[in-house]
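Q: no FASTA, just this:
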């Protein structure tokens with residue numbers, strides 16, 4: 001009779017006694033993983049960093065290219081072809097589906113556009129906004145400030161309609 005003994009005497013993880021936090025994006029009430037001040041891997045305190053979908057797409061794409069170059073020691077064509085992105089993740093279903101999602105919904109496509117949008121969104125006009133709100137403005141293609149405040153209710157009272165409209169108009173130039 002074959003009996004696995006690898007887990008026979010191991011201790012099982014006990015349930016965590018922490019209380020569940022009721023999350024609500026409309027009031028920016030998130031769990032501790034979204035606290036504005038985070039402790040990094042190096043043990044130092046850092047500000048919360050959020051990515052919009054376009055930034056996440058570029059980050060994953062460049063990471064996969066870097067891994068592939070290191071793994072196979074070949075040069076990658078720099079044509080930013082969507083098919084190339086899918087080639088690198090063909091063996092990982094979750095990664096492939098993530099890339100398909102990002103390819104469909106990421107608003108900004110080129111490195112320079114994403115950099116320009118990041119600079120715009122992290123400028124003085126948005127200094128009072130939570131990183132979540134900034135990421136959402138980068139994700140959503142809102143036509144006017146009313147639509148933006150409907151989709152991201154926490155913006156109400158933080159930024160005037162005219163300031164938000166100017167920001168949305170500037171973002172639309174990069175589409």
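A: Happy to help now that I have it. These numbers were taken from a predicted model, which means no experiment stands behind them.
Q: what's the nearest residue to residue 136 if we skip its chain neighbours?
A: Using CB to CB, 6 or more residues apart in numbering and skipping residues adjacent in sequence, the residue nearest residue 136 is residue 152, 4.9 Å away. For the C-beta atoms, the positions are set from N, CA and C on the backbone; glycine is no exception.
Q: For that neighbour, the count of nearby residues, please.
A: Look at residue 152: counted by other CB atoms under 10 Å, it has 25 neighbours.
Q: what do you get for residue 100?
A: 14.
Q: Residue 62 now?
A: Using other CB under 10 Å, residue 62 is surrounded by 11 other residues.
Q: With residue 122 instead?
A: Neighbours of residue 122 (other CB under 10 Å): 14.
Q: right, and it touches residue 133 too?
A: No. The pair residue 122 / residue 133 is not scored as a contact, 11.8 Å apart, by CB atoms under 8 Å.
Q: what are the ranges of the strands in the protein?
A: Ranges of strands in the chain, per DSSP state E, are 37-39, 45-47.
Q: I'd like these written out as a markdown table, with mean neighbour count, distance to residue 110 and mean pLDDT added.
A: Formatted as a markdown table, the strands of the chain follow (neighbours: other CB atoms under 10 Å; distance: least, CB to CB, whole Å; pLDDT from 0 to 100):
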| stretch | mean neighbour count | distance to residue 110 | mean pLDDT |
| --- | --- | --- | --- |
| strand 37-39 | 11 | 29 | 91 |
| strand 45-47 | 10 | 26 | 92 |
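Q: quick one: which of these is nearest residue 96?
A: Nearest of the strands of the chain to residue 96, taken as CB to CB: strand 37-39 at 29.3 Å.
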